[in-house]
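[1] Have a look; sequence and predicted model below, questions after that.
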Amino acid sequence: MKRIVGVKSIILRLRLVLAIAVAVAAGGASAQADPATGISWPDGQALPTFARATHLDTIAVGRLSGDEQLMVGTLQGIVNRRQPRLYLISNGEARTHWLAVLGLPTTEMNDPYALVARYRDELRGMIVFDPEVPGSIDVATTLAGLDDAVVVSPDLAGELTSRFHLSVVEDLRGRFRDDLSAYTWEVDNLWSRTTHRMIVPIAPKQRWFVRDYAVANRAMVFWLRVGVPGERELLDRVLAQMPPNSPYIGWFSPERGSGEVQGVEYLSTHSIYNIAADLFANLTVFSGVPASVASAQPDAPAVPLINRIYVNFIVSDGDNLQYMQNHLKEVWADPARGRVPISWTINPLAADAAPAMLSYYERTATPNDYFVTGSSGAGYIHPSAWPDATFHLFAEQTQRYMARTGLRVIQIQNTGAARPQPLEPQKAAAYASGILPLGINMMNNVAPTISVVAGGVPVASKASIKSADDAHDVIARLSAGWDGRTPRFLTLFVDAWTLTPSDVAAIAEALPGQYQVVRTDQFFSLVRQAMHLPPS
């Protein structure tokens, strides 16, 4: 069948080019890298860009002790701030896969102390944490970024002193009675010295992963629970001083009412969005390897609108960078991928954080793969909780990054008090008019429905499926009563952790002839025809 061409496609491409030009212009003169660090972070850019990596020293950290991992992880942040040169390999095929995708020459290192020796001249010294106060590890990480020092345990401090004559810049032993007092001291004494454009929450037991990114960007590190009054009040102080539409790069404690739903809701009330990246490895490296990112996805064959049941499968773990690095890569390798149309949520901010990773998925996509924007836009939020006065900032950022990455459909998660909430007219209009999507998928609804928001944008709610039996039952239930006289539309949210492309293909291929599985762009084009809406 013919591809969709003509005036509509030309207008779309012009709109995408214009949006990208606006985004580039937003950086203006400030787009130049900081000569002291090599990091570029212009206004209008969500996340910083690191200097271009040309060679990487690598070390396998899985065999290191937790204290050695912490030392090497904070060393990575200091080293990679000026230019990414150090890559940490953990257990698992996914990360060696990404090292190959980056395509840089490497030197394998086996001894963490040899790494310290290699980069000794870039270190001012050590920050010693208090083993009796876990939160002091986070405070020490913040200090490491500010003072160009590695974080070490008391035992490692003695080792580094004897081997390399490193001095102790700060010794946190005996300074704090508990975690909250440590974090309070940190806010009182260090917040004014750190960047206010991001914060990086990291559980103290997590020794490396995103610590390099916090150290390199001189960001504040903490582990505060929004469900604990004293900790929430401290976090209130920090968020109140951040520019609206800034990122919280990490995740949430599941303890005491402080998990995902409560955390995202709380951040949204402060005009802060979440980026799930607490287990992302080597973010300082991925931010320094440029790659071509497509500003448009290949057109899908036109599908005629007839009286059928159209099914739209979306595989998702929301707006999750670490999922893109790890589990999605494993699912993506399923040889059945491409047999039937499947849409995949991705984080458009990967264009800043990991362009080579995003480019890999684009290059290896089949004609049956289609990408849509993860939860709520360029960042994970609950729109209804976000203040109206600053929502345009988030909507404009979402529009820029969707245009930059060729994404035309957005998935919105609007959960408050652990229940799905309707998208109020003002927020719906901001998405519709500011972002101009082909369509909107609403998360956390009980059964699929189709509606229209201001601006003539169709909204499809979804039904979740977690197994093949579940899928057949849900499809049968939602198809009940269909008389064949009008088309019907079903959006099925596929749990990425329990179903594979092989499973989806088997589900799709078992459907009888009145069903047709389509990509999400085809789905919303058909919905627009059925509802007599203008094409987007």
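    Right, received. Where do you want to start?
[2] Would you report the backbone torsion angles of residue 520?
    Residue 520 adopts backbone torsions of phi -60, psi -40, taken as degrees, to the nearest 10.
[3] do residue 160 as well
    The phi/psi pair for residue 160 (degrees, to the nearest 10) is phi -70, psi -30.
[4] got the contact list for it?
    71, 116, 126, 150, 152, 166 (C-beta atoms under 8 Å, 6 or more residues apart in numbering). All C-beta atoms are positioned from the backbone trio N, CA, C, and that covers glycine.
[5] Can I get the residues you listed in CSV including distance to residue 355 and neighbour count?
    Shown next, in CSV, are the contacts of residue 160 (distance: C-beta to C-beta, whole Å; neighbours: other C-beta atoms under 10 Å):
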residue, distance to residue 355, neighbour count
71, 29, 28
116, 30, 20
126, 34, 27
150, 29, 28
152, 33, 26
166, 35, 20
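[6] Which of those lies at the shortest distance from residue 313?
    Distance to residue 313 across the contacts of residue 160 (C-beta to C-beta) is lowest for residue 71, with 44.9 Å.
[7] where along the stretch 1-150 of the chain do the helices fall?
    7-27, 66-82, 93-102, 112-118, 135-147 (DSSP state H, counting those that start in this stretch).
[8] And the fourth one, what does it pack against?
    Read that as helix 112-118. If contacts are counted by 3 or more C-beta pairs under 8 Å, 6 or more residues apart in numbering; DSSP states H and E, helix 112-118 sits against strand 56-60, helix 66-82, helix 154-164.
[9] Residue 452 pairs with what?
    Taking DSSP bridges, one finds residue 458 as the beta-bridge partners of residue 452.
[10] Got the confidence number for it?
    Here, the pLDDT recorded for residue 452 equals 83.
[11] next one: residue 430
    pLDDT at residue 430 comes out at 87.
[12] what's the answer for residue 90, then?
    For residue 90, the predicted pLDDT is 86.
[13] List the buried residues for stretch 130-143?
    Of the residues in stretch 130-143, those with enough neighbours to count as buried (16 or more other C-beta atoms under 10 Å) are 130, 133, 134, 135, 136, 137, 138, 139, 140, 141, 142, 143.
[14] Revised request: answer the last question for stretch 62-78.
    Quick answer for stretch 62-78 (16+ other C-beta under 10 Å): 64, 67-78.
[15] Residue 398 - that's part of a helix, no?
    Yes. When DSSP: H, G, I helix; E, B strand; the rest coil is applied, residue 398 is found to be in a helix.
[16] list the contacts for residue 99?
    56, 58, 87, 89, 106 are the contacts of residue 99 under C-beta under 8 Å, 6+ apart.
[17] Where neighbours are concerned, which of those has the most?
    Using other C-beta atoms under 10 Å as the neighbour test, the contacts of residue 99 are led by residue 87, with 25 neighbours.
[18] if I read this right, it contacts residue 60, doesn't it?
    No. Using C-beta atoms under 8 Å, residue 87 is not in contact with residue 60, being 10.4 Å away.
[19] Using PDB, list the CA coordinates for stretch 192-208.
    C-alpha atoms of stretch 192-208 as PDB (Å, rounded to 0.1, in the frame of the first residue of the first chain):
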ATOM      1  CA  SER A 192      24.300  27.300  48.100                       C
ATOM      2  CA  ARG A 193      27.400  25.900  46.400                       C
ATOM      3  CA  THR A 194      25.700  23.200  44.200                       C
ATOM      4  CA  THR A 195      23.900  23.600  41.000                       C
ATOM      5  CA  HIS A 196      20.200  24.400  41.500                       C
ATOM      6  CA  ARG A 197      19.200  23.100  38.100                       C
ATOM      7  CA  MET A 198      19.100  19.400  39.200                       C
ATOM      8  CA  ILE A 199      19.100  17.300  42.300                       C
ATOM      9  CA  VAL A 200      20.100  13.600  42.400                       C
ATOM     10  CA  PRO A 201      18.600  11.500  45.200                       C
ATOM     11  CA  ILE A 202      20.600   8.200  45.700                       C
ATOM     12  CA  ALA A 203      20.000   5.600  48.400                       C
ATOM     13  CA  PRO A 204      23.200   5.300  50.500                       C
ATOM     14  CA  LYS A 205      23.400   1.600  50.000                       C
ATOM     15  CA  GLN A 206      23.800   2.200  46.200                       C
ATOM     16  CA  ARG A 207      27.500   2.700  45.800                       C
ATOM     17  CA  TRP A 208      27.900   3.800  42.200                       C
END
